[in-house]
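**Q** Coordinates only, no sequence provided:
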C-alpha cells in the first residue's frame, strides 16, 4: 500500500488525496514521522482538505503532541463543523491531558451528531467518572452497553461505576458478563470480596 501511494504522488505531486492516503499508509505501518510529512504536504496542496487535518491530528496525538492535535481538529471543524468524528477526537485529546470537562463537552457534541457512536459514549462515561459525576457516567456506559453488547469493556466500565456507588449486585452481574466476553480483569475482580 505504501509503495502504491508513493508511486501515485510521484506521478501527481499536487494531489492532496494522494498525500493523505500515503499518510494513512505510513500511519498503518507505525511510521508516524513520514505520515506527518505526507499529511502536511496534502494540506499544503489543498488548505481546506479536512481529512488531512484530521489524520494529521491523529498522528500528533499518537506521538503525544496533543496540543497540536487539538489545534488541527479545531481547524478541521472550521471546514466541517458538523463532523462527529472530529468532536470525538477532540474529546479523546482533552481526556488525554486531564481536561475532562472539555472532553465531556466534545463527546456530547459528537453524540448529538451521531447518537449511535458507542466509542463516544465510552469516552463520555470515562470523562464523567473522572469528574466524579457517577450517575451521568452510569447513563453513558449503559448506552455504551446497548450499542456494543458484545464489548466486555462496556460491562466492565459500568460494573466499576456500580461498585463505586455500592451496588454490588449490579456490579457483579456486569463483571460476570464482561468475564464471559473475555475480560480477564473482570474475571479476577469476581474472585475478590464482595463478589466471591
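**A** Sure, I can see it. Keep in mind that this is a model prediction, so the values were computed, not measured.
**Q** And the helices in the chain?
**A** Ranges of helices within the chain are 2-11, 16-28, 32-45, 50-62, 66-79, 84-96, 100-113, 118-130, 134-147, 152-164, 168-180, 184-189, based on DSSP state H.
**Q** chain center to the first one, what's the gap?
**A** For helix 2-11, the distance from its own C-alpha centre to the chain's C-alpha centre is 29 Å (Cα atoms, centre = their mean, to the nearest Å).
**Q** for the record, mean pLDDT for that helix?
**A** For helix 2-11, mean pLDDT is 91.
**Q** how far off helix 16-28 does the lowest-mean-pLDDT helix or strand in the chain point, in degrees?
**A** Per-element confidence for the chain was summarised using mean pLDDT, DSSP states H and E. The lowest value among helices and strands belongs to helix 2-11, with a mean of 91. Relative orientation of helix 2-11 with respect to helix 16-28: 150 degrees, computed using axes from the mean of the first three to the mean of the last three Cα atoms, to 10 degrees.
**Q** ok and helix 2-11 relative to helix 32-45, angle-wise?
**A** Using the same axes, to 10 degrees, the inter-axis angle of helix 2-11 relative to helix 32-45 is 30 degrees.
**Q** Go through helix 2-11 and flag the buried ones.
**A** Residues of helix 2-11 classed as buried under the neighbour-count rule (16 or more other Cβ atoms under 10 Å) are 5, 6, 8, 9. For the C-beta atoms, the positions are set from N, CA and C on the backbone; glycine is no exception.
**Q** and if you look at stretch 152-160?
**A** Quick answer for stretch 152-160 (16+ other Cβ under 10 Å): 152, 153, 154, 155, 156, 157, 158, 159, 160.
**Q** which one of those is nearest residue 19?
**A** Minimum distance to residue 19 across those is 34.8 Å, recorded for residue 153 (Cβ to Cβ).
**Q** Could you pull up the contacting residues of the closest one?
**A** Residues counted as contacts of residue 153 (Cβ atoms under 8 Å, 6 or more residues apart in numbering) are 122, 178, 183.
**Q** All set now, cheers.
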